[in-house]
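Undergrad: Pasted the sequence and its predicted model underneath.
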Amino acid sequence: MGIISRNMAQQIVDTVKDVCGQNINFIDDKGNIIASTDTERINTFHEIGYKVASTGNTIEVAQDDNFYGTKKGINIPVSYNGKIVAVIGISGDVEEVRKYAYLAQKITDLLIRERELDALGNQKKTRLNYVIRCLISNEAVDPDYLMDTLSENHLSKDSICRVVIVQLNTKYNLNNLFMIQSAITQTFSQIGSAFYRYNYPNEFILIDESDRIMQHKDILKTLADTYSGLLYIGIGSAVNILKSNLSFNAALTSINSRKHITSFIIYDNLDFELILGNISDELKSQYTAKILNNISDSDIGLLTTYYENDMSLQQTSDALYMHKNSVQYKLNRIEKNIGYDPRKFTDAVVLYSAIKLREIL
């Protein structure tokens, strides 16, 4: 039979017996009883069941022993896509058990349809995962297959989209991982986006129209703020959906350049960080060690404030509650220790870059 397993058939007959109290047989299209509330009848032949499966007609039996392996009762066919796939037989007085036969038929039909929907859902998800993977990695995909998948998700080859990456922080022991993953998918649903996949072990990737993403960016930011430190969200650049790999790389750069500072980053808001985010951790470490190795954390804090205040001695001294002469003295000492003058533009670029790289290590 194939459509209905023996386990499912046994569940059906047990369920219906709980309602009507009569013995139930589940018969395949060859007339064999594959499930029954009377275990002795399992794997035996049911003549009427075979006849019902062959003709598609319900047969009612008023007395026992009229047919081989048959007792009085009702035998009703179960169809799937216009084909008889099983027969349900209920023993007992015909008038009494007729309604239960139709109940068993309905239950079976619902279970078959549920199984079909599950299979369709799994097929659709597999298709979605494949297409998204091809788009973000710029792999070739059959054009018709791609267009059908995009159309199913209200997108087209001309859609201007952004990639959103939600990256879980694997440094944490995420005991509530399921809860966080559920919050992520609920957020996508709230936005109205279903075109996403989960990349094991720590990444969700969403592709949707740029306007929709930017319209609902506050919802994504709320998710990032709620689970700050546990996940990071990067929104990539706006591109034609067929160039989603560019937006994916932009979203990844966004996260890599700012995740030690904030949990929510939009590519459009980055400037100098675009360069820093594409430097390997090894090079970052080498550069920062070379430039900042001979100064203290306190001096680095001073330089950070100095550059945040546009190299203004007055604003820096006010921010640090320090006399201008003290700031000047510390800047002179830094120059002496590392050979870079924080007040000179070209040297300031070197120092500022090292400080920013240190922040994202």
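TA: In hand now; what should we look at? Keep in mind the model is a prediction, meaning the values are calculated, not measured. Numbers count the residues shown, from 1 in each chain.
Undergrad: could you pull out the strands for the protein?
TA: 24-28, 33-36, 59-61, 73-80, 83-91, 160-168, 196-199, 203-209, 231-235, 239-240, 264-266 (DSSP state E).
Undergrad: could those be laid out in JSON lines, adding mean pLDDT and mean neighbour count?
TA: Placement of C-beta: from N, CA and C, glycine included. Output for the strands of the chain, formatted as JSON lines (pLDDT from 0 to 100; neighbours: other CB atoms under 10 Å):
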{"stretch": "strand 24-28", "mean pLDDT": "91", "mean neighbour count": "28"}
{"stretch": "strand 33-36", "mean pLDDT": "92", "mean neighbour count": "23"}
{"stretch": "strand 59-61", "mean pLDDT": "87", "mean neighbour count": "17"}
{"stretch": "strand 73-80", "mean pLDDT": "86", "mean neighbour count": "22"}
{"stretch": "strand 83-91", "mean pLDDT": "88", "mean neighbour count": "23"}
{"stretch": "strand 160-168", "mean pLDDT": "96", "mean neighbour count": "24"}
{"stretch": "strand 196-199", "mean pLDDT": "89", "mean neighbour count": "16"}
{"stretch": "strand 203-209", "mean pLDDT": "95", "mean neighbour count": "22"}
{"stretch": "strand 231-235", "mean pLDDT": "95", "mean neighbour count": "26"}
{"stretch": "strand 239-240", "mean pLDDT": "97", "mean neighbour count": "16"}
{"stretch": "strand 264-266", "mean pLDDT": "94", "mean neighbour count": "23"}
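Undergrad: Now render these as JSON lines, adding distance to residue 131.
TA: Formatted as JSON lines, the strands of the chain follow (distance: least, CB to CB, whole Å):
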{"stretch": "strand 24-28", "distance to residue 131": "38"}
{"stretch": "strand 33-36", "distance to residue 131": "39"}
{"stretch": "strand 59-61", "distance to residue 131": "49"}
{"stretch": "strand 73-80", "distance to residue 131": "30"}
{"stretch": "strand 83-91", "distance to residue 131": "33"}
{"stretch": "strand 160-168", "distance to residue 131": "13"}
{"stretch": "strand 196-199", "distance to residue 131": "9"}
{"stretch": "strand 203-209", "distance to residue 131": "9"}
{"stretch": "strand 231-235", "distance to residue 131": "20"}
{"stretch": "strand 239-240", "distance to residue 131": "15"}
{"stretch": "strand 264-266", "distance to residue 131": "25"}
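Undergrad: wait, which of the ones you listed is closest to residue 148?
TA: Closest to residue 148 of the strands of the chain, according to CB to CB: strand 203-209, at 15.9 Å.
Undergrad: Against which helices or strands is the closest one packed?
TA: helix 94-137, strand 160-168, helix 177-191, strand 196-199, helix 244-258 (3 or more CB pairs under 8 Å, 6 or more residues apart in numbering; DSSP states H and E).
Undergrad: what's the spacing between it and its chain's center?
TA: 9 Å (CA atoms, centre = their mean, to the nearest Å).
Undergrad: Next, the contact list for residue 254, please.
TA: By CB atoms under 8 Å, 6 or more residues apart in numbering, residue 254 lies in contact with 234, 235, 236, 265, 266, 267, 270, 273, 277.
Undergrad: Revised request: answer the last question for residue 37.
TA: Counted by CB under 8 Å, 6+ apart, residue 37 has contacts 13, 14, 17, 23, 24.
Undergrad: Next one: the spatially closest residue to residue 265 that is not a sequence neighbour, what pLDDT does it get?
TA: Closest residue in space to residue 265, ignoring its immediate chain neighbours: residue 254 at 4.0 Å, by CB to CB, 6 or more residues apart in numbering. pLDDT recorded at residue 254 is 89.
Undergrad: same check, this time on residue 122
TA: At residue 122, pLDDT is 62.
Undergrad: again, but for the one 3 residues further on
TA: For residue 125, the pLDDT comes out at 78.
Undergrad: for residue 100, same thing?
TA: 82.
Undergrad: could you dump the lowest-mean-pLDDT helix or strand in the chain to CSV, C-alpha only?
TA: One helix or strand of the chain scores below all others by mean pLDDT, DSSP states H and E: helix 273-276, with a mean of 70. Provided in CSV are the C-alpha atoms of helix 273-276 (Å, rounded to 0.1, in the frame of the first residue of the first chain):
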residue,chain,number,x,y,z
GLU,A,273,34.8,49.9,9.5
LEU,A,274,34.4,48.4,6.0
ILE,A,275,38.1,48.2,5.7
LEU,A,276,38.7,47.0,9.3
